[in-house]
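Q: give me the fold of what follows.
(one chain, ligands or ions: 1)
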Amino acid sequence: MTTTMDINDVGMTAFFIAHFRDAERDRADGLFDDPYSRWFVPDEVRTYAEKFAELCPEFETLIRCRLLFFRELVREQIEYGVRQVVSVGAGFDTRPAIFRTEGVTFFDVDQPAVVQYKRDVLEGHGLEPWPAVAGNYLDVNLPRRLQEAGFDPDLPSLFIWEGNTMYLPRNLIFGFLNQLDAELPAFTIAFDYMSTRVVNCSTGVDSVNAVFDYFYEQFTPFITGFDDPGVFERATPLKIAASGGMEEVFHSRAPQYAGALAPLAGLYSYCILVK
Ligand SMILES: C[S@@+](CC[C@H](N)C(=O)[O-])C[C@H]1O[C@@H](n2cnc3c(N)ncnc32)[C@H](O)[C@@H]1O
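A: Numbers count the residues shown, from 1 in each chain. Coordinates of the predicted model:
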């Protein structure tokens, strides 16, 4: 049986995000319902996450924007005909259970200990785990490993790369995107990224600097940020299909947060690239 002790610092951040997915259920103004994330929230992580939210409720709201963004994207893309959804650095993403659809295959990619822990928990609750590639995706040829797990490069595919870029060296981020481009005939990849000001704790917003001092101490520091999505087009052959600030995600769904989020504009963003 794999335990949380087998999971490294970057892997532990996956529990942190599971907490926020779960917490949405208990909010009077909750925007989505994830009945499975509760299985992936150890008590000590819940305590850290609650402290994070207390230090900077606005950044907690940006995390909620992110969760809504990726969730809606998966739902829409399946409606539009995507047949494979690959969650790269999947952590405890439970969307495969939520959006299970005839003709659509979901794949997880994560470190072996995270994949095994997730399998154990899903099986323990009577849920069949979905296909997964276990390994460091920067060290392997991911498209080939996915094909060994049943991925078909000729079917329409969406890659979700959520909550990962900030932990990776800049050159490896571009290397990874370029490898997907070299190996796959067509695909869409959606990811989030932090501003360099969040990475350096120099945002000009005291509560944001304080909350990331806390996060970096409890979990692991972010190492890479970006301030212009154009860099992804310059460093890869991929084209931007959409990009924007996370706060924009709430504009239509939860406009009551607009005032509180305005000072955080540009600190946390999303980007969708296509080949
Ligand atoms: C912040 S968590 C995000 C998890 C998930 N995408 C979500 O949003 O809930 C980052 C995850 O990416 C995984 N990860 C980061 N770098 C990785 C790498 N090079 N190879 C495999 N997994 C990686 C970690 O193990 C962790 O589970």
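Q: enumerate every residue touching Pro169.
A: 223-224 (Cβ atoms under 8 Å, 6 or more residues apart in numbering). Where C-beta positions appear, they are placed from N, C-alpha and C, glycine not excepted.
Q: can you get me a residue count around the residue of the stretch 101-250 of the chain found nearest the ligand?
A: In the stretch 101-250 of the chain, the residue that lies nearest the ligand is Gly163 (3.3 Å; Cβ to the nearest ligand atom). A count of neighbours around Gly163, defined by other Cβ atoms under 10 Å, yields 22.
Q: now the residue nearest the centre of the chain, nearest residue through space, not along the chain?
A: Residue closest to the average C-alpha location in the chain (Cα atoms, centre = their mean): Glu162, at 1.9 Å. Excluding its sequence neighbours, the residue lying closest to Glu162 (Cβ to Cβ, 6 or more residues apart in numbering) is Phe70, at 5.2 Å.
Q: run through the bridge partners of the closest residue in space to Asp93 that isn't next to it in sequence.
A: Nearest residue to Asp93, sequence neighbours excluded (Cβ to Cβ, 6+ apart): Ser87, at 4.8 Å. Beta bridges link Ser87 to Asp108, Ile160, judged by DSSP bridges.
Q: right, and the residue nearest to the centre of the chain touches Asp192 too?
A: Yes: if you go by Cβ atoms under 8 Å, Glu162 and Asp192 touch, sitting 6.0 Å apart.
Q: intersection of neighbour lists for these two?
A: Counting by Cβ under 8 Å, 6+ apart, the residues touching both Glu162 and Asp192 are 66, 70.
Q: confirm the residue nearest to Glu162 sits in a strand?
A: No: counting by DSSP: H, G, I helix; E, B strand; the rest coil, Phe70 is not part of a strand but helix.
Q: from Glu217, how far out is it?
A: Using Cβ to Cβ, to the nearest Å, one obtains 27 Å as the distance from Phe70 to Glu217.
Q: neighbour count: those two, which is higher?
A: Phe70 (21 against 10).
Q: which ones are touching the residue nearest to the centre of the chain?
A: Per Cβ under 8 Å, 6+ apart, neighbours of Glu162: 66, 70, 87, 89, 93, 190-192.
Q: just the closest of those residues to Pro263, please.
A: Arg66 (17.6 Å; Cβ to Cβ).
Q: ok, now how distant is the closest one from Val85?
A: 17 Å.
Q: more neighbours, the two?
A: Val85 (24 against 20).
Q: now whichever strand or helix holds that one, how far from the centre of its chain.
A: Using DSSP states H and E, Val85 falls within strand 84-88. In terms of Cα atoms, centre = their mean, to the nearest Å, the centre of strand 84-88 is found 11 Å from the chain centre.
Q: and if you look at stretch 80-92?
A: Worked out by Cα atoms, centre = their mean, stretch 80-92 lies 11 Å from the chain centre.
Q: so Phe219 makes contact with Thr13?
A: Yes: shown here, Phe219 and Thr13 form a contact pair, counting by Cβ under 8 Å, at 5.2 Å.
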